[in-house]
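Participant: Could you work out the structure for the sequence below:
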Amino acid sequence: MLVAMMAPMLIPAIYHIWISSFAQRRARSIALFACGYGAIWMAAGSVLFAVEFAAIWLAPQSYLPAAIAGMVALVWQASPIKQRCLNQCHDHRPLAAFGVAADWDALRMGLEHGVWCVGSCWAIMLFPMLLPQGHFIAMAIVSVLMFCERLDPPKKPSWHWRGLGAASRHLSLRLREPSSALFPPNAEA
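Facilitator: Numbers count the residues shown, from 1 in each chain. As a prediction, the model looks like this:
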């Protein structure tokens, strides 16, 4: 679940490591980042799985836990705390160039990015986990929503809906363009 849902959100952070590291250190720096990020999500995942097991035990095959998680997720989506977490997900620390300092910076960036990512996504990721049926469809929808909200630039934390902002604006602009702009003529013809 972690790899499927979160991999697209890691592209900007991994790109930052790629361009900030020397070629011989890139793979190690990315691996350390991934270890730190994964460690945070494994800890958070254990809490989310505990909630899932408790919900299954208390209300087997019921949509009530998912409905409650969905309502919590809707409130969380609009909260200023979520925006603060999203803003921090866009912020990438400078990385040291050499030695243990470079390794520590990459690991610390993964840990910090993981904390802010969990803060941003925990509520909306809990919803598909609690559904008695349709987990994969719900995970796909939630993944698209999370990816789209990461496309939005950082904003001042306030109560407002987050989600498909930049993606829907981009799509609507593309749909308004003449068909030749969407499908340019073949240059070889």
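
Participant: And the helices in the chain?
Facilitator: Assigned by DSSP state H, the helices in the chain fall at 2-6, 11-20, 26-58, 64-78, 80-90, 99-130, 135-151, 165-176, 179-182.

Participant: distance between the second one and the chain's centre?
Facilitator: Going back to what we said before, that points to helix 11-20. Mean C-alpha position of helix 11-20 versus that of the full chain (C-alpha atoms, centre = their mean, to the nearest Å) differs by 15 Å.

Participant: Please apply the same query to the fourth one.
Facilitator: When C-alpha coordinates are averaged (C-alpha atoms, centre = their mean), helix 64-78 and its chain have centres 17 Å apart.

Participant: same check, this time on the fifth one
Facilitator: In this view, helix 80-90 has its centroid 11 Å away from the chain centroid, taken as C-alpha atoms, centre = their mean.

Participant: So which elements touch it?
Facilitator: helix 99-130, helix 135-151 (3 or more C-beta pairs under 8 Å, 6 or more residues apart in numbering; DSSP states H and E). C-beta: built from backbone N, CA, C; applies to glycine.

Participant: Okay, Ala44 and Gln83: tell me how far apart.
Facilitator: Distance of Ala44 to Gln83, given as C-beta to C-beta, to the nearest Å: 19 Å.

Participant: Between these two, which is the more surrounded one?
Facilitator: Gln83 (22 against 19; other C-beta atoms under 10 Å).

Participant: Most tightly packed of the helices and strands packed on helix 80-90?
Facilitator: helix 99-130 (a mean of 20; mean count of other C-beta atoms under 10 Å).

Participant: by contact count, what packs against it?
Facilitator: Packing partners of helix 99-130 (3+ C-beta pairs under 8 Å, 6+ apart): helix 2-6, helix 11-20, helix 26-58, helix 64-78, helix 80-90, helix 135-151.

Participant: And for the shortest one, what's in contact with it?
Facilitator: So the one you mean is helix 2-6. 38, 41-42, 45, 117, 121, 125, 139, 142-143, 146 (C-beta atoms under 8 Å, 6 or more residues apart in numbering).
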